[in-house]
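Engineer: would you be able to build a 3D model of this:
(one chain, ligands or ions: 1)
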Amino acid sequence: MGPSLRSVMACFPTGVTVVATRDASGAPLGLTVNSFTSVSLDPPLVLVCIAHRSASHDPIIASQSFTVSVLSAAQGDIAQRFATSPSEGRFDGVDWRGAPSGHPVIEGAAAWLDCSIDEVIVAGDHSILLGRTVACGAGDQPALVFHRGEMGSTDG
Ligand SMILES: Cc1cc2nc3c(=O)[nH]c(=O)nc-3n(C[C@H](O)[C@H](O)[C@H](O)COP(=O)(O)O)c2cc1C
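Structural biologist: The predicted structure follows:
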């Protein structure tokens, strides 16, 4: 038996994002996600994979839309916070603004996207959410990097 898929995938460096929406009462919710990938430029499609057991899974699909905040190198604490239970109150004390959809974008993020869900594809224990980008923006901060279980920076 070789190494686990998890430990093999940990060798592939990724950026780190917070995928977020608002629930039916308007409260912001979100989670740390590194499965974010661009899919198509025309039409502008991206995807994220969300675990079925994640508390954010159903509310994100119910809202039919989500934001992606690409975390900057200085936001390792945000990545930890949005990956740790409980989910309630994750946005307390976190600076965020509303994207055009009104869903949260984390202040200081290196880039952000505002997406409507085009398709939900059930894939094993995750759902692939195919998002159509309706608005996006970028700053010039270095981005946070996740590699072999450690957080780093694109700045080295
Ligand atoms: C670097 C990193 C990347 C992650 N990427 C994903 C991901 O792509 N999809 C996912 O469902 N969970 C991912 N997680 C795990 C969730 O952030 C974590 O399970 C979170 O507590 C889920 O919150 P929720 O139950 O409130 O939705 C990641 C965690 C870390 C630390």
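Engineer: contacts, neighbours, all on C-alpha from now
Structural biologist: Will do.
Engineer: run through the strands of this structure in chain order.
Structural biologist: Counting by DSSP state E, the chain has strands at residues 14-15, 17-22, 28-33, 37-40, 45-51, 65-70, 96-98, 104-106, 111-123, 126-138, 144-147, 150-153.
Engineer: of all the ones you listed, which lies closest to Ala83?
Structural biologist: strand 28-33 (5.2 Å; Cα to Cα).
Engineer: the closest one: partners in the sheet, and parallel or antiparallel?
Structural biologist: Paired with strand 28-33 in the same sheet, following DSSP bridges, are strand 17-22 (antiparallel).
Engineer: what sits up against the strand it pairs with?
Structural biologist: Residues from elsewhere that reach strand 17-22 (Cα atoms under 8 Å, 6 or more residues apart in numbering): 28-34, 36, 59-60, 63, 65-71, 79, 82, 103-106.
Engineer: got the CA coordinates for that strand in PDB?
Structural biologist: Output of strand 17-22 as PDB, limited to C-alpha atoms (Å, rounded to 0.1, in the frame of the first residue of the first chain):
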ATOM      1  CA  THR A  17      -9.500  30.800  -0.400                       C
ATOM      2  CA  VAL A  18     -12.500  31.400   1.700                       C
ATOM      3  CA  VAL A  19     -15.700  30.400  -0.100                       C
ATOM      4  CA  ALA A  20     -18.700  32.300   1.400                       C
ATOM      5  CA  THR A  21     -22.400  33.100   1.000                       C
ATOM      6  CA  ARG A  22     -25.200  34.300   3.300                       C
END
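Engineer: now find how far off-centre stretch 123-143 is within its chain.
Structural biologist: Between the centre of stretch 123-143 and the centre of its chain there are 6 Å (Cα atoms, centre = their mean, to the nearest Å).
Engineer: now stretch 81-99: buried residues?
Structural biologist: Using 16 or more other Cα atoms under 10 Å as the burial criterion, the residues of stretch 81-99 that qualify are 81-83, 87, 90-91, 96, 99.
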